[in-house]
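Q: Build me a model:
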Amino acid sequence: MLKRRELKYYCSFEIIEDLRQRILNYMDYDPYCLKQPDKTYSVRSIYLDTSDLLFYYEKLDGVKIRKKLRVRTYNSLENSEEAFLEIKRKIKNNVFKERVLVAYDDTPNLANGANIRLINQQPEFTEKSALTKFVYLAKALKLEPKVLITYEREAFIGREDPSQRVTFDINVRSYPQPGYEDRVVDEDCDFLTGDKFILEVKFNDRMPVWIKNIIRDFGLNVQSISKYCNGLDIWLARKNVEELS
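A: Numbering: from 1, shown residues only. Below you'll find the predicted structure:
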């Protein structure tokens, strides 16, 4: 189980180049970014929730111990056979993440407890544990897809400490009520961040001094940002308007 701190900031595109250069003084591009022509990759996550949106309201109500479950894939993946099942828990300011790589074609079976095939033929205990928990929660809570969140990510890792990670999440967009087959949908999506991008800073224990200095110098303010909740808000607002009209 991965434990770390995560802080998020809305940033103007006007500072992205200067911010990138400051970060590259201490970090390198994520190896996966280096394989991409523009040094970014697409992240596509289908978030699951209960019929009465338990996870959504836990976030809105500021519940100190909460979780969310998602099915995550990367880049276009039209022909991909793989996906990560992820359980992300937040306990006060600490984030714990468990995940396992599975056959994507099996994901529609999550809620009925059918067999889910692991990609790793010799899975570690943490992978088997993550799968067991995910399938149990999906079945017990009758979870269903609620929103697809897609964005392009530019990622950096610490040169001296690889546990330090900084990401730029760009063009964050949502698609409501997706089926599992909709993971690569880009039409009819709503954009969530307008003329800004999301900066995420991830680290273990204490924030490095150099990151603190960058945050201070650019005048950034930490904010509570939930891509899932923001994406769902648009759909819920639209649904309410339709019901009133």
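Q: Please enumerate the strands of the protein.
A: For the chain, the strands defined by DSSP state E cover 2-12, 27-29, 41-49, 65-74, 82-91, 94-103, 144-158, 165-176, 190-191, 196-203.
Q: Please report the residue range of the longest helix in the chain.
A: Looking across the chain with DSSP state H, the single longest helix is helix 227-244.
Q: Now mean pLDDT and mean neighbour count too, for the strands of the chain, in CSV please.
A: Placement of C-beta: from N, CA and C, glycine included. Converted to CSV, the strands of the chain look like this (pLDDT from 0 to 100; neighbours: other C-beta atoms under 10 Å):
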stretch, mean pLDDT, mean neighbour count
strand 2-12, 91, 15
strand 27-29, 97, 18
strand 41-49, 95, 22
strand 65-74, 94, 19
strand 82-91, 93, 18
strand 94-103, 92, 18
strand 144-158, 96, 21
strand 165-176, 96, 20
strand 190-191, 92, 14
strand 196-203, 97, 20
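Q: now these in JSON lines, with distance to Y56?
A: Listed next are the strands of the chain as JSON lines, based on distance: least, C-beta to C-beta, whole Å:
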{"stretch": "strand 2-12", "distance to Y56": "18"}
{"stretch": "strand 27-29", "distance to Y56": "33"}
{"stretch": "strand 41-49", "distance to Y56": "6"}
{"stretch": "strand 65-74", "distance to Y56": "9"}
{"stretch": "strand 82-91", "distance to Y56": "14"}
{"stretch": "strand 94-103", "distance to Y56": "18"}
{"stretch": "strand 144-158", "distance to Y56": "8"}
{"stretch": "strand 165-176", "distance to Y56": "12"}
{"stretch": "strand 190-191", "distance to Y56": "16"}
{"stretch": "strand 196-203", "distance to Y56": "19"}
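Q: Quick one, which of the ones you listed gets closest to G219.
A: Closest to G219 of the strands of the chain, according to C-beta to C-beta: strand 2-12, at 10.1 Å.
Q: Point to the residue nearest the middle of this protein.
A: S45 (6.5 Å; C-alpha atoms, centre = their mean).
Q: you'd agree it is up against Y74?
A: No - S45 lies out of contact with Y74 (C-beta atoms under 8 Å); the separation is 9.9 Å.
Q: Relative to W210, how far out is N25?
A: N25 is 8 Å from W210, where distance means C-beta to C-beta, to the nearest Å.
Q: which one of the two has more residues nearby?
A: Remark: of N25 and W210, W210 carries more neighbours, 15 against 9, as counted by other C-beta atoms under 10 Å.
Q: In contact with the closest residue in space to the more buried one that isn't next to it in sequence, which residues?
A: Of all residues not flanking W210 in the chain, Y26 sits nearest, at 5.3 Å (C-beta to C-beta, 6 or more residues apart in numbering). By C-beta atoms under 8 Å, 6 or more residues apart in numbering, the residues touching Y26 are 158-160, 208, 210-211.
Q: what about the residue nearest to T50 when sequence neighbours are not counted, neighbour count?
A: Leaving aside its sequence neighbours, T50 sits nearest to L141 (C-beta to C-beta, 6+ apart; 5.2 Å). Look at L141: counted by other C-beta under 10 Å, it has 16 neighbours.
Q: what residues are up against E6?
A: By C-beta under 8 Å, 6+ apart, the contact list for E6 reads 95, 200-202.
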